[in-house]
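A.B. asks: Need coordinates for the following:
(one chain, ligands or ions: 1)
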Amino acid sequence: MRNHEAQSLRCYNAAMDSLQKRAKEIHRRLLQAYGRPSKGNYDRPLDLLISTILSQNTNDVNRDRAFHSLRERFATWDLVRDAKPTEVVDAIRVAGLANRKGPRIQQVLREISDEKRGLDLGFLKGFEPEEARRWLLRFHGVGPKTAAIVMLFALNMPAFPVDTHVYRVTGRLGLREAKLSVEKAHEELGKLFAVDSYYDAHLNLIRHGREVCHARRPKCERCVLTDLCEYFKTLPAHK
Ligand code: SF4
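C.D. replies: Numbers count the residues shown, from 1 in each chain. Predicted structure coming up:
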């Protein structure tokens, strides 16, 4: 390795080490502030996949309403797959973008059935994480966040989902480059937090974003992270 390459590697390692320490401290303080999030019951990966597709561009309440409406109207995923598209769209209308989400859900169900001859994603538990990620990402409408949610919550695999709250809060805290894409942020933030902290760190960052670090007018006066926050340093009183 040439000298300048060795020097760049040392700089990169030092920067990573510093960010990992910061992430660890942030995680510790959020645990202290919010406690350990309870473990949900996500033992059916396919249910979670469909629910996460429904969650795109809407809130949790409307996602859950749409999911329950779909399950009330159709007793099985096979019936959803084979239903008239308009019936599926009607059932999930409360989630918004129903004309887009309905056909996507039916297409995902068709593709899974074609390949696996059954609508159950339990087989993914036997995959290596990277293999499971690639398998999930093949579907139109399934991006890195959806795949990571299914992996983390239903497959018990190491994945760090980055939603709008996690993206905003980690940006303000200086854990990622300001212009890093959300897609890349999954990879980069996953390197900073310890794997065994993914579940709690992900949920506590979301909670922090919802309750304190709002998109508009964050409540910094209530925040336990001010001394670790790059955004806070830029506020007029702290310049
Ligand atoms: S100090 Fe303010 S901007 Fe920074 S993480 Fe806390 S609430 Fe968000």
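
A.B. asks: Quick one: residues contacting Arg36.
C.D. replies: Shown in contact with Arg36 (Cβ atoms under 8 Å, 6 or more residues apart in numbering): Asp200. From N, CA and C alone the C-beta is placed, and that goes for glycine too.

A.B. asks: Residues in contact with stretch 193-206: which ones?
C.D. replies: Outside stretch 193-206, the residues that touch it by Cβ under 8 Å, 6+ apart are 23-24, 26-27, 30-31, 33-34, 36-37, 39, 152-153, 158-161, 163, 165-166, 169-170, 190.

A.B. asks: Buried by neighbour count: which residues of that stretch qualify?
C.D. replies: Neighbour counts over stretch 193-206 (16 or more other Cβ atoms under 10 Å) mark Phe193, Ser197, Tyr198, Tyr199, Asp200, Ala201, His202, Leu203, Asn204, Leu205, Ile206 as buried.

A.B. asks: quick one on the thing from earlier: just the ones in helices from the contacts of stretch 193-206, please.
C.D. replies: In helices, defined here by DSSP state H, the members of those are 23-24, 26-27, 30-31, 33-34, 165-166, 169-170, 190.

A.B. asks: what's the spatially most central residue of the chain in contact with, if anything?
C.D. replies: Note on the chain: the residue nearest the mean C-alpha position is Pro161, at 2.6 Å, using Cα atoms, centre = their mean. Applying Cβ under 8 Å, 6+ apart to Pro161 gives the contacts Lys145, Ala148, Ile149, Leu152, His186, His202.

A.B. asks: Tell me the predicted confidence for the closest residue to the fourth one other than its chain neighbours.
C.D. replies: Closest residue in space to Leu152, ignoring its immediate chain neighbours: Ala159 at 4.7 Å, by Cβ to Cβ, 6 or more residues apart in numbering. pLDDT, Ala159: 96.

A.B. asks: close enough to count as contact, Ala159 and Gly190?
C.D. replies: Yes - contact criterion Cβ atoms under 8 Å: Ala159 and Gly190 qualify, at 7.2 Å.
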